[in-house]
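Give the three-dimensional model of this entry:
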Amino acid sequence: MCSSDLAEAADILCAPHQQVILPNLEAGCSMADMASEPDVRQAWRELGDHFGGTEDIIPVTYMNSAASLKAFCGEHGGVVCTSSNATKVLAWAFERGKRVFFFPDQHLGRNTGHAMGIGLDQMVLWDWRRPAGSLGGATTEALDRSRIILWQGHCSVHQRFSVTQIEAARARYPEAKIVVHPECRYDVVQAADANGSTAYIAKYVAEAPAGAVIGIGTEINLVSRLAKEHPDKTVFCLDPVVCPCSTMYRVHPAYLAWVMESLVRGEVVNRIQVPAETKRHARVALERMLALK
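Predicted structure coming up:
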């Protein structure tokens, strides 16, 4: 697996005879690190105190989150989402509650909610860095009118993309189409021609006509691969610095070779094992997600 949070999810869902290995235990996700279980549970308690209970609040965690947070969602009637099914997940959640508590990526939650017709004034940001008891820096009025409570987290790569970069791309290539990932900031998504998951972006490029010029706002390795796969099109990254995901990039061929060589010797290294109780609740949230794919 490419990161610790995804490796945990694989261990939760795998069959009893299967084992999950993470070639480099340092491979993680900076976004996932922005939401810890103690901080989320503290916020949940404060929300319960403010609203007189949490029965009408549905917790939704992005796939890029710790197993403990997936378990939290399973335990409290919530669900996991991906960038591909976030709309379906939010629709499912609103059928069951008045509000959604969305973590750890604020941008995916905001962009998805806006696309569903939820106003920006109906979304409130919860700053987990604020002292306990401060409602995450939100006002009581903002919380009372909210439909989505967004965790203050983000992807360090996708937050680099800007409207200025899009304007520069259009100035250089007037005919260019711009497609970005929904983990990008709201103004960037609004300025683009299209937005969607990595699978959506790959499909967008594949279906574009020969000669098309496409600027992409997502991780450079995907952009580079798409450019190689479609030499009849001009495919480029919006960010001139082309910053890769430094945490995910820690899994590279040398680590994979080490793992494979160890398996040949009969050694299982860097096995990921989620505790049984965490696995039980997290599996509930993940299976809800899979049912909505």
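
residue ranges of the strands in the stretch 51-200 of the chain, please?
57-62, 79-81, 99-103, 123-126, 148-151, 177-180, 194-195 (DSSP state E, counting those that start in this stretch).

Output the below-cut-off pLDDT ranges for the stretch 151-293 of the chain.
242-251 (pLDDT under 70).

residue ranges for the helices of it, please.
For the stretch 151-293 of the chain, the helices defined by DSSP state H, counting those that start in this stretch occupy 163-172, 186-191, 198-207, 220-229, 253-264, 276-291.

buried ones in the last one?
Read it as helix 276-291. Residues of helix 276-291 classed as buried: T278, K279, H281, A282, R283, V284, A285, L286, R288, M289 (neighbour count, 16 or more other C-beta atoms under 10 Å). No exception for glycine: its C-beta is placed from N, CA and C like everyone else's.

Please identify the nearest residue in space to the second one, excluding sequence neighbours.
I take that to be K279. For K279, ignoring the flanking residues on the chain, the nearest one in space by C-beta to C-beta, 6 or more residues apart in numbering is I12 at 5.0 Å.

what sits against the one you found?
A67, K70, V274, K279, A282, R283, L286 (C-beta atoms under 8 Å, 6 or more residues apart in numbering).

Closest one of those to A210?
Proximity of the contacts of I12 to A210 (C-beta to C-beta) peaks at L286, which lies at 40.0 Å.

ok, now which ones touch that closest one?
A9, I12, L13, K70, G74, V80.

ok, it to T82 distance?
10 Å (C-beta to C-beta, to the nearest Å).

thinking again about what came up before, quick one: which of the contacts of L286 is most hemmed in?
Neighbour counts for those peak at K70, which has 30 neighbours (criterion: other C-beta atoms under 10 Å).

for it, what are its contacts?
Contacts for K70 (C-beta under 8 Å, 6+ apart) come out as E8, A9, I12, T61, V80, H281, A282, A285, L286.

what does F236 give?
F236 neighbours (C-beta under 8 Å, 6+ apart): A169, I214, G215, I216, V223, A227.

could you redo the last one with a cut-off of 10 Å?
169, 172-173, 176, 213-216, 223-224, 226-227, 242 (C-beta atoms under 10 Å, 6 or more residues apart in numbering).

just P59 next, same as before
Contacts of P59 by C-beta under 10 Å, 6+ apart are 40, 43-44, 47, 69, 72-80, 93, 97, 99-103, 149, 285.

List phi and psi for the closest residue to it other than its chain neighbours.
Nearest non-adjacent residue to P59, counting by C-beta to C-beta, 6+ apart: G78, 3.6 Å away. For G78, the backbone dihedrals (degrees, to the nearest 10) come out as phi -100, psi -160.

Tell me how many other residues surround G78.
G78, neighbours per other C-beta under 10 Å, totals 27.

which residue packs closest to A35, ignoring adjacent ones?
Nearest residue to A35, sequence neighbours excluded (C-beta to C-beta, 6+ apart): P104, at 3.5 Å.
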